[in-house]
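Student: Pasting a predicted model and its sequence here:
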There are 2 protein chains.
Amino acid sequence: MNQQELPANAFINPSGSNKESIENFVSKALHRIISVISSSEIRSSLPKEINIPTQTIPEESIGDEKLIDQLETLLLSSINPSHPGWIPHMDPPPTTASLIGDFATASVNNNMLSVEMSPAFSRLEQQVVDKICQMFSLGPNASGVLCSGGSLANLQALAVARNEKLNTKEEGVQKLPKKPVLFASEVAHTSIQKAAMILGLGQDSVRAVSVDSESKMIIDELETGIKQARNEGKTPFCVVATAGTTTTGNIDPLEEIGKISQRENLWYHVDAAYGGALVFSNSHKDKLAGISGADSIILNPQKWLYVAKTCAMVLFKDQNQLVENFRIGAPYMEEDEDLINLGEISLQGTRHADILKLWASFQHIGRKGFQQLIDESYHLTNFLHNKLKAINCIQLASTPEMNIICFRGQPKWICSSRWDEWNKDLQKYLLDKHEIFFSLPTYNDGKWLRTVILNPFVNKETIKNINQGITSYIEKTQEYT
Amino acid sequence: MNQQELPANAFINPSGSNKESIENFVSKALHRIISVISSSEIRSSLPKEINIPTQTIPEESIGDEKLIDQLETLLLSSINPSHPGWIPHMDPPPTTASLIGDFATASVNNNMLSVEMSPAFSRLEQQVVDKICQMFSLGPNASGVLCSGGSLANLQALAVARNEKLNTKEEGVQKLPKKPVLFASEVAHTSIQKAAMILGLGQDSVRAVSVDSESKMIIDELETGIKQARNEGKTPFCVVATAGTTTTGNIDPLEEIGKISQRENLWYHVDAAYGGALVFSNSHKDKLAGISGADSIILNPQKWLYVAKTCAMVLFKDQNQLVENFRIGAPYMEEDEDLINLGEISLQGTRHADILKLWASFQHIGRKGFQQLIDESYHLTNFLHNKLKAINCIQLASTPEMNIICFRGQPKWICSSRWDEWNKDLQKYLLDKHEIFFSLPTYNDGKWLRTVILNPFVNKETIKNINQGITSYIEKTQEYT
């Protein structure tokens, strides 16, 4: 190497010649990063100001020290998810093992594209995925792959569903005599629509099935919808059930939807991106009864299993359906006798080994540790739920089934046309005065407050603080009216 | 928190209460990881044995020490990409800044889905992407997004192309009167076929245009192909050019393809996943002349810019085409007045902030540092090229235009039906005797050896070693025949 323009520690030298300099640079940077995260509690969960370096690509190195300074500035301008008041989204603080896992993954930079390029991680991914298939009781032929996020996982499941049911892998959708349609509840995740658009089915191919007052798909409406679509000359091919709806965390009637799908010869996909984590809790996994009937399931360990994002997976009851209906071979790749190149059966080609941080988190926390995290968040959710029920003007969007509560004030002393504004102000008030941050989704045409009690640093004090914040805001707004 | 089943350092406590324990765990793990990478040279570039832990999900924590031990075992069972003999693929050792960037990204676990969830990184991504659009001279309306890998980047570009040219976002492909087809050279990356399959066009919608002896698309064949498809009652809508073909690293005639695309009203996409990095070298960027005429471009910093995977991007000449033809809104997300939520305009929803490691690498290495890495790899490629040309029985697949050489032995003293076997044995010999690892792609129905001189630890000694290995293998096999 003769590269005088490069910093001497630009890369880790395989001869060990710059090991000391690398250790020094990495330790300084990591010490600073850990210090930022370790002091999260004294800052707000949302940054008070956002500072972005203006220089995007300098001609020459800015040097180690300045880089670390700017990294710190960027972290301080970011969301602060381990602050106990950060409870608005399905985005947890990450496990320590995730951080180490991501560093290890990057350092060795293997490629999940092929077995040749990631001999250990390709095998590890298959082992872990197969074990999770077993936890969902998907049967002996089940398997799957990791994906960079739940939207991709849903997209891949629906691509396989489309190709399996409509035979579109080789010749596509245009040749079909009838318009294909799929069914998902009206509160299913928007990645289903996005997937339908990408898959060439069109956004309008997603038939929204109505939900009941608990945000669950109404079975009769699904049956009617399928019948109606057939009468209209469409081709129903798939039903998507949700286990853990985005806004309210409810679970569709999985068993019944599975039966209808089977009877009607439709692919049965369960979007368990969020709720799938319940298989880790012996106390709560029965909430997923019926999920073993699915043809495909997605699960995002990046949510309720606390693995740094991204980490998601798509599982298939029959691995052969994935291989036959999705695989595109790569002639520049070596084949392995026993193992499939994962890039050939996943949406992505080159892929980061997300498996390592997932595996490391499993080893460090253990199944029981995850059970406790899940069970604890249920306790705190119940505690908050009881507090909210006791407040007169608060309405719940549904009965919580997970660690998500979606609610809004409907204060009788204010005209209902101003309720959205009132709730928006409540969100702001809780952040400004109580350091509590809720999200503000639109649901049933109104603004609601949503909390996801996922953060392991939330405790009873946090819940009391929420309760106190809401009641004092109510008193304050009552006073002024 | 009352979580007795969890290790005390399972998460970084925001109060700082376990900071010492976290620092201790992280430093020990990182010290071990850096030691593994710093001693890469004394091991083979391919692991001699592969050891995978059999335990996938233990009931309880295995503890910090055992976790670190097992991590080390996994790294030692992985590909060792900074070994100077690792030159088979477009997979470099990563910049040190990438490792720090990935650790920082994971630690704060922001979500690129929305501005609310990654206020600093969403802005940073836009700044950096816009700057790279300028480097490609894409004009004032250009922008784009990062994606987890080049296959997704190609998929997103082609999704926008399909929706823009065929108006399929809302109603899909089935309603179209004619079969849509796109054109790419016969040596284009297989992710184009994968994308066509996913997009509901079908694998058969990709029309392979023949290449000349230099692996470049033949312009006349493209023109004939478009005319022929129209005569067959098909609808051509897109042409894909490649800047840096996977097997031989050649560049299609970008300028001419752009002109034809414009004249025929077809979307013009350039897959510059590999070769796009040349814009960082003042000495070599003219090889991309004509790329500014593209409607979309993909670039993978995870390849020739040495950023830990995954890190890829898709750029559009007109950001409005991306927004209008791809955006799916998410009602549970807050909107920002000036900034678009990146999850609404990308294939992925939740996304890791790959921008941070890219930005950190730019700051640490600088534009000139990347230029030197690129220029140096050209020097070494030329050096090897000259050595290979001097060996009688070696044939080149094309004239190298980048740092990739694809060649094979065609030894006259052996029947040509046994050449594949001879080359396969040469690959094995070089690994066993010289610690040099080439890949063995299939090209023009034969087995070829391919090297990508990307690794910054390759030097003239490595090239001499390759030359010596090949010549001694030739002598050895001549002797025995």
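Tutor: Nice, I can see it.
Student: residue boundaries of the helices in chain A?
Tutor: A:19-38, A:64-76, A:96-108, A:119-135, A:150-166, A:191-198, A:219-231, A:254-263, A:319-326, A:354-389, A:419-434, A:460-479 (DSSP state H).
Student: out of the ones you listed, which comes closest to B:P441?
Tutor: With respect to B:P441, and counting by C-beta to C-beta, the nearest of the helices of chain A is helix A:119-135 at 18.6 Å. Using the backbone N, CA and C atoms, a C-beta is placed for each residue, glycine as well.
Student: How about the contacts made by the residue of chain A found nearest chain B?
Tutor: Proximity of chain A to chain B (C-beta to the nearest C-beta) peaks at A:G200, 2.2 Å away. Contacts for A:G200 (C-beta atoms under 8 Å, 6 or more residues apart in numbering or on different chains) come out as A:G172, A:V173, A:Q174, B:R162, B:T168, B:G172, B:V173, B:Q174, B:L199, B:G200, B:L201.
Student: okay, the helices of chain A, which one's buried deepest?
Tutor: Most buried of those, by mean neighbour count (mean count of other C-beta atoms under 10 Å in any protein chain shown): helix A:96-108, with a mean of 29.
Student: how distant is that helix from the center of its chain?
Tutor: Offset of helix A:96-108 from its chain centre (C-alpha atoms, centre = their mean, to the nearest Å): 20 Å.
Student: How about stretch A:435-445?
Tutor: How far stretch A:435-445 lies from its chain's middle: 18 Å, per C-alpha atoms, centre = their mean.
Student: ditto for stretch A:294-312
Tutor: Mean-position distance between stretch A:294-312 and its chain equals 6 Å (C-alpha atoms, centre = their mean).
Student: Same question for stretch A:239-252.
Tutor: So, by C-alpha atoms, centre = their mean, the centroid of stretch A:239-252 is 13 Å from its chain's centroid.
Student: would JSON lines of the helices of chain A with mean pLDDT and distance to B:E125 be doable?
Tutor: Shown next, in JSON lines, are the helices of chain A (pLDDT from 0 to 100; distance: least, C-beta to C-beta, whole Å):
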{"stretch": "helix A:19-38", "mean pLDDT": "98", "distance to B:E125": "20"}
{"stretch": "helix A:64-76", "mean pLDDT": "98", "distance to B:E125": "12"}
{"stretch": "helix A:96-108", "mean pLDDT": "98", "distance to B:E125": "18"}
{"stretch": "helix A:119-135", "mean pLDDT": "98", "distance to B:E125": "27"}
{"stretch": "helix A:150-166", "mean pLDDT": "98", "distance to B:E125": "17"}
{"stretch": "helix A:191-198", "mean pLDDT": "98", "distance to B:E125": "19"}
{"stretch": "helix A:219-231", "mean pLDDT": "98", "distance to B:E125": "39"}
{"stretch": "helix A:254-263", "mean pLDDT": "98", "distance to B:E125": "37"}
{"stretch": "helix A:319-326", "mean pLDDT": "96", "distance to B:E125": "30"}
{"stretch": "helix A:354-389", "mean pLDDT": "98", "distance to B:E125": "20"}
{"stretch": "helix A:419-434", "mean pLDDT": "97", "distance to B:E125": "25"}
{"stretch": "helix A:460-479", "mean pLDDT": "95", "distance to B:E125": "32"}
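Student: Could you give the bridge partners of A:L299?
Tutor: Per DSSP bridges, the residues bridged to A:L299 are A:M313.
Student: How many residues are close by it?
Tutor: Neighbourhood size, A:L299 [other C-beta atoms under 10 Å in any protein chain shown]: 31.
Student: Pull the contacting residues for it.
Tutor: A:I132, A:A153, A:A272, A:A273, A:G276, A:A277, A:A312, A:M313, A:L315.
Student: Mind pulling up the pLDDT for it?
Tutor: At A:L299, the model reports a pLDDT of 98.
Student: before we move on, the earlier item: can you say which of the contacts of A:L299 are buried?
Tutor: A:I132, A:A153, A:A272, A:A273, A:G276, A:A277, A:A312, A:M313, A:L315 (16 or more other C-beta atoms under 10 Å in any protein chain shown).
Student: Please tell me how far the closest residue to the residue of chain A closest to chain B other than its chain neighbours sits from A:G172.
Tutor: Spatially, and ignoring its direct neighbours in sequence, A:G200 is nearest to B:G200 (2.2 Å; C-beta to C-beta, 6 or more residues apart in numbering or on different chains). To A:G172, B:G200 is 5 Å away according to C-beta to C-beta, to the nearest Å.
Student: A:I405 now?
Tutor: From A:I405 to A:G172 the distance is 44 Å (C-beta to C-beta).
Student: Same question for A:P253.
Tutor: A:P253 is 34 Å from A:G172, by C-beta to C-beta.
Student: between those two, which one's more packed in?
Tutor: Set A:P253 next to A:G172 and count neighbours by other C-beta under 10 Å: A:G172 wins out with 27 against 18.
Student: OK, contacts around that one?
Tutor: Contacts of A:G172 (C-beta under 8 Å, 6+ apart): A:G200, B:V173, B:K179, B:A196, B:M197, B:G200, B:L201, B:G202, B:D204, B:S205.
Student: for A:G144, same thing?
Tutor: So A:G144 contacts A:V129, A:C133, A:M313, A:V314, A:L315, A:F316, A:Q319, A:L322 (C-beta under 8 Å, 6+ apart).
Student: do A:S61 as well
Tutor: Here A:S61 is in contact with A:L6, A:P7, B:Q363, B:H364, B:I365, B:G366, B:G369 (C-beta under 8 Å, 6+ apart).
Student: Need the max-distance pair from those.
Tutor: A:L6 and B:Q363 (13.2 Å).
Student: near chain B, which residues of the stretch 351-481 of chain A?
Tutor: A:351-352, A:356-357, A:359-360, A:362-369, A:371-373, A:376, A:439-443, A:450, A:456-457, A:459 (C-beta under 8 Å from any C-beta of the partner chain).
Student: Repeat the analysis, applying 6 Å as the threshold.
Tutor: With C-beta under 6 Å from any C-beta of the partner chain as the criterion, the stretch 351-481 of chain A comes near chain B at residues A:352, A:362-369, A:372, A:441-442, A:456-457, A:459.
Student: what's the closest of those to A:R43?
Tutor: A:F457 (13.5 Å).
Student: burial measure for the closest residue in space to that closest one that isn't next to it in sequence, as a count.
Tutor: Once flanking residues are discounted, A:F457 sits nearest to A:P84: 4.4 Å by C-beta to C-beta, 6+ apart. Neighbour count of A:P84, defined by other C-beta under 10 Å: 22.
Student: next one: the one 4 residues further on
Tutor: As a burial measure, the neighbour count of A:P88 was computed by other C-beta under 10 Å and equals 25.
Student: same check, this time on A:G233
Tutor: A:G233 has 9 nearby residues by other C-beta under 10 Å.
Student: give me every residue that touches it.
Tutor: A:K178 (C-beta atoms under 6 Å, 6 or more residues apart in numbering or on different chains).
Student: got a pLDDT number for it?
Tutor: Reported pLDDT for A:G233: 98.
Student: Next up, the contacts around the closest residue to A:V458 other than its chain neighbours.
Tutor: Spatial nearest neighbour of A:V458, chain neighbours left out: A:P84 (5.3 Å); criterion: C-beta to C-beta, 6+ apart. Contacts of A:P84 were listed using C-beta under 6 Å, 6+ apart, and they are A:F457, A:V458, A:T462.
Student: Alright, I will stop here.
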